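Visitor: Sequence first, then the predicted structure, then my questions.
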Amino acid sequence: MKVLPKLIVFSAPSGAGKTTLVRHLLTQEDLNLAFSISAASREARDGEVHGKDYYFLGTHEFKNRIRANDFLEFEEVYKDQFYGTLIEEVERLWAQGKHVIFDIDVVGGLRLKKKFPNRTLAIFVKPPSINELQIRLKKRKTETAEKIAMRVAKASTEMATAPQFDVIIENDNLDAAKLKAFQTVHEFINKEVSDDEEE
């Protein structure tokens, strides 16, 4: 048995607060975490930076990299809108001796868990209700009413996957959710695990 770099996966419906929890954990130095930057086929939104928020590849390059087996996992989240985790990104962070934390959709999160069952902690962040989720998405003022409706509709399906995750954190009270997230991750990264067999 040996202590190996781990994968910490946070998945949730849009607006549940997973990004806030991930950002909080990244500030906790004793966790030794590094953020895995996902690849996206879409264009950058205002204020987003290539190589910081996402690797913006464009649809054509994204599909080429799928064919080249460059992804640990990827998902067509909406029609022609792909997100995924590049193998080179995780290897880059593991080479620095870091545990890698992810903020990804539920399908991608469960794929990583399946690929590295022993080395992955999969956490599902649950909103108090679908109604509360809709309120949070509207408050962001970053998307059209149509996009919000799509996200809310998708949330019901995503919520149904929660039991497949290792831990469910309900984000009703943000401070309590931050504390639970820290304790859960801290315990997992200090636990010895056996190396996973590659599929």
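Guide: Here it is on my side, so go on.

Visitor: Run through the strands of this protein in chain order.
Guide: For the chain, the strands defined by DSSP state E cover 7-11, 33-35, 39-40, 55-56, 71-78, 81-86, 99-103, 120-126, 167-170.

Visitor: Quick one: list the elements packing against the third one.
Guide: The one in question is strand 39-40. strand 55-56, helix 58-67, strand 81-86 (3 or more CB pairs under 8 Å, 6 or more residues apart in numbering; DSSP states H and E). Heads up, the C-betas are built off the backbone N, CA and C, glycines and all.

Visitor: So which of the ones you listed is the most surrounded?
Guide: strand 81-86 (a mean of 22; mean count of other CB atoms under 10 Å).

Visitor: Please state the mean pLDDT value computed over it.
Guide: Regarding strand 81-86, the rounded mean pLDDT is 94.

Visitor: Please export the C-alpha coordinates of that strand as PDB.
Guide: Extracted C-alpha coordinates of strand 81-86, given in PDB (Å, rounded to 0.1, in the frame of the first residue of the first chain):
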ATOM      1  CA  GLN A  81     -21.200  21.400 -26.900                       C
ATOM      2  CA  PHE A  82     -18.400  19.100 -25.500                       C
ATOM      3  CA  TYR A  83     -16.600  19.200 -22.200                       C
ATOM      4  CA  GLY A  84     -13.800  16.800 -21.100                       C
ATOM      5  CA  THR A  85     -10.700  16.100 -19.100                       C
ATOM      6  CA  LEU A  86      -7.400  15.800 -21.000                       C
END
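
Visitor: List the neighbouring strands of it plus their orientation.
Guide: Paired with strand 81-86 in the same sheet, following DSSP bridges, are strand 39-40 (antiparallel), strand 71-78 (antiparallel).

Visitor: which of the strands of the chain sits most buried?
Guide: strand 7-11 (a mean of 26).

Visitor: relative to strand 120-126, how tilted is that one?
Guide: Computed by axes from the mean of the first three to the mean of the last three CA atoms, to 10 degrees, the angle separating strand 7-11 from strand 120-126 equals 20 degrees.
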